[in-house]
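A.B. asks: Here's a sequence, model it:
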Amino acid sequence: MEREEVEVLLILAEELHFGRTAERMRLSRARVSQLVQRLERRVGAPLFVRTSRRVVLTALGAALRDELEPHHRAIDAALARAAASARAVEGTLNVGFSGPLAGEAVMRTADALGARHPGVEVHVCEVPFADPYSALREGIYDTQLVELPVGGTESDLASGPVLFTEARVLAVGRSHPLASRPVASLEDLADVPVLTVDAPLPAACRVLLAPERTPSGRPVPQGPAVSNAQEALVFVAAEKGAWLTAAHAATYHPWPGVTYVPLADAEPLAYGLVWRQTHHTPTVRAFAHTAREVL
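C.D. replies: Numbering: from 1, shown residues only. Now for the predicted structure:
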């Protein structure tokens, strides 16, 4: 049976009037009559006795109504519970972050979200910069706070607005000529090997972490490939290359033999939340809304 057939039986059995039944179902009277006739053909016997003055249930119609009514109520209740669950902000939320500054921002947001929604438990873990999206795609993370933009090739992912920005710096060995300068330029990258990332990064990420050319088009020498910050600092301290990174590295990653030089003309890094297009749940939305307020 179709849902409309069930509803026309139950409502007409209650109203015993085709006009009022049509109004409640937001259908025409002709459509109501058509549904009743179709249902009676399906059953094989009349369910209502219709005269010019009144509508009366037959014994068969009353029996069918009594059997269908509790099931109809159960379906409506199940749909209502499912809709309420879909709107609920609860459960476990796994959030990734790229680097310690983003990690602090995630923790502040998680604390604020927990105060508003005690039913949410936030688990936090760092995203490896050499593989920023695999864990998100695999469902290990529900959302993550990372550098933007995500990139045009990541069509399965969506990102929110920029939540905060920070400057970029160039990490060089202390004996390198750039180490004695107060600031450096992106053009200086043509004169020093820049560490690359040991992973097939999206183009948007690679431009941020290991550009191939300076703004004027000069080629940037490629240094050793690294997969994490510790490897990068080891190579920089050994004078094997320079590391293009975020300004917070000078605070969170001090390292013997490494000097951080501000980049005067580098676009700042922008951070925002990223999630799967198919996984924008109420809890993810609540985390994003809280992040916008907190950050």
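A.B. asks: List phi and psi for the closest residue to T278 other than its chain neighbours.
C.D. replies: By the measure of CB to CB, 6 or more residues apart in numbering, the closest residue to T278 outside its immediate chain neighbours is D156, 7.8 Å from it. Glycine gets a C-beta too; all of them are placed from N, C-alpha and C. Listed backbone geometry of D156 is phi -90, psi 0, with angles given as degrees, to the nearest 10.
A.B. asks: Next, the contact list for D156, please.
C.D. replies: When contacts are counted by CB atoms under 8 Å, 6 or more residues apart in numbering, D156 touches 137, 276-278.
A.B. asks: Could you pick out the buried ones from those residues?
C.D. replies: Neighbour counting by 16 or more other CB atoms under 10 Å classes R276 among these as buried.
A.B. asks: So which residues of the stretch 151-295 of the chain form helices?
C.D. replies: 203-209, 229-237, 249-252, 282-294 (DSSP state H, counting those that start in this stretch).
A.B. asks: what's the most buried one of these?
C.D. replies: Greatest average neighbour count among the helices of the stretch 151-295 of the chain goes to helix 229-237 (a mean of 20), per mean count of other CB atoms under 10 Å.
A.B. asks: Mind giving me the packing neighbours of that one?
C.D. replies: Helix 229-237 is packed against strand 168-173, strand 194-197, strand 222-226, strand 243-246, strand 258-262, with contacts defined by 3 or more CB pairs under 8 Å, 6 or more residues apart in numbering; DSSP states H and E.
A.B. asks: neighbours around H72, how many?
C.D. replies: 15 (other CB atoms under 10 Å).
A.B. asks: three-state assignment of it?
C.D. replies: At H72 the chain is in helix, as set by DSSP: H, G, I helix; E, B strand; the rest coil.
A.B. asks: who touches it in this structure?
C.D. replies: Counting by CB under 8 Å, 6+ apart, H72 has contacts 6-7, 10.
A.B. asks: Straight-line length of stretch 199-215, end to end?
C.D. replies: From the first residue to the last, stretch 199-215 extends over 24 Å; the measure is CA to CA, to the nearest Å.
A.B. asks: Tell me the gap between it and the middle of its chain.
C.D. replies: Stretch 199-215 has its C-alpha centroid displaced from the chain centroid by 24 Å (CA atoms, centre = their mean, to the nearest Å).
A.B. asks: Stretch 116-124 now?
C.D. replies: Chain-centre distance of stretch 116-124: 16 Å, with CA atoms, centre = their mean.
A.B. asks: what residues does that stretch touch?
C.D. replies: With CB under 8 Å, 6+ apart as the contact definition, stretch 116-124 has outside contacts at 88-97, 103, 106-107, 110, 113-114, 283, 286-287, 290.
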